[in-house]
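Visitor: no sequence on this one, just coordinates:
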């Protein structure tokens, strides 16, 4: 991916993978419009021309000129859609979010501020830190996610409480430096975060409320994707940043 593109006008590129999100996409874009006044692009990444998201996007194009449809040409599935979306980004800050209205977009300005003005490389929207919440969703999935996040915080010294939430802001350079190796689902967010932490990059978090989707069908596949999560959970437990980075982190937090 070339990194010498002209300076973009947008300060944020959202990457939003979709699969038949026609029932949700209008409200999702409306929320971004209302909550995020920062110059932005929203890259809506789809797999196939018959996706019912596309007619809605065409209808909304005059209202939201900052939305671009990006066809995923890297192979089917959400992970390849995210890869295709990342390849189309240009802004300094990249935020990966879903169209199912589960993410708390009110926290986006603070996430951008932490990257743009305070030197963070990744900022997680955290359900499990003080002030964060999770509403709805399958009990087993919620429990496993919370246990993974809290145990990595206390045992793995990962400086965020929510290691698995995909709603995350990245300095674009980090996404170029740590290309996705994961082969399943949303484990890539844990992978990139763990690798960036081990390399001494600065991580942060903001409290966030996650809500289960109210329309459409979730394509989250816990059983199929669990091995991918476990691989990167183990990596995060056993890989720490260089000592110099740890000292700098402690100094910055005092």
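Guide: Sure thing, it's come through. Being a predicted model, the structure only gives us computed values, none of them experimental.

Visitor: mind checking the SS state of residue 19?
Guide: coil (DSSP: H, G, I helix; E, B strand; the rest coil).

Visitor: low-confidence regions, this protein specifically.
Guide: 1-8, 213-223, 243-254 (pLDDT under 70).

Visitor: how is it partitioned into domains?
Guide: 8-101, 126-161+178-240 (the TED database).

Visitor: quick one: residues contacting residue 127.
Guide: Contact analysis of residue 127 by CB atoms under 8 Å, 6 or more residues apart in numbering lists 133, 134, 145, 146, 149, 161, 162, 165, 208, 209, 210. Using the backbone N, CA and C atoms, a C-beta is placed for each residue, glycine as well.

Visitor: which stretches of the stretch 101-250 of the chain form helices?
Guide: 108-116, 139-154, 172-177, 187-198, 222-238, 243-253 (DSSP state H, counting those that start in this stretch).

Visitor: and among these, the most buried is which?
Guide: helix 187-198 (a mean of 24; mean count of other CB atoms under 10 Å).

Visitor: that one vs helix 222-238, what angle?
Guide: Per axes from the mean of the first three to the mean of the last three CA atoms, to 10 degrees, the angle that helix 187-198 makes with helix 222-238 is 0 degrees.

Visitor: and helix 187-198, what does it pack against?
Guide: strand 122-126, strand 168-171, helix 172-177, strand 203-207, helix 222-238 (3 or more CB pairs under 8 Å, 6 or more residues apart in numbering; DSSP states H and E).

Visitor: kindly present the helices of the stretch 101-250 of the chain as TSV, with separate columns for distance to residue 59.
Guide: Formatted as TSV, the helices of the stretch 101-250 of the chain follow (distance: least, CB to CB, whole Å):
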stretch	distance to residue 59
helix 108-116	25
helix 139-154	34
helix 172-177	30
helix 187-198	31
helix 222-238	33
helix 243-253	47
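
Visitor: what's the closest of those helices to residue 23?
Guide: helix 139-154 (21.9 Å; CB to CB).

Visitor: could you redo the helices and strands packed on helix 187-198 as JSON lines and give each row distance to residue 79?
Guide: Output for these, formatted as JSON lines (distance: least, CB to CB, whole Å):
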{"stretch": "strand 122-126", "distance to residue 79": "18"}
{"stretch": "strand 168-171", "distance to residue 79": "15"}
{"stretch": "helix 172-177", "distance to residue 79": "14"}
{"stretch": "strand 203-207", "distance to residue 79": "22"}
{"stretch": "helix 222-238", "distance to residue 79": "9"}
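
Visitor: so for residue 189, which of the ones you listed sits nearest?
Guide: The nearest among the helices and strands packed on helix 187-198, by CB to CB, is strand 168-171 at 5.6 Å.
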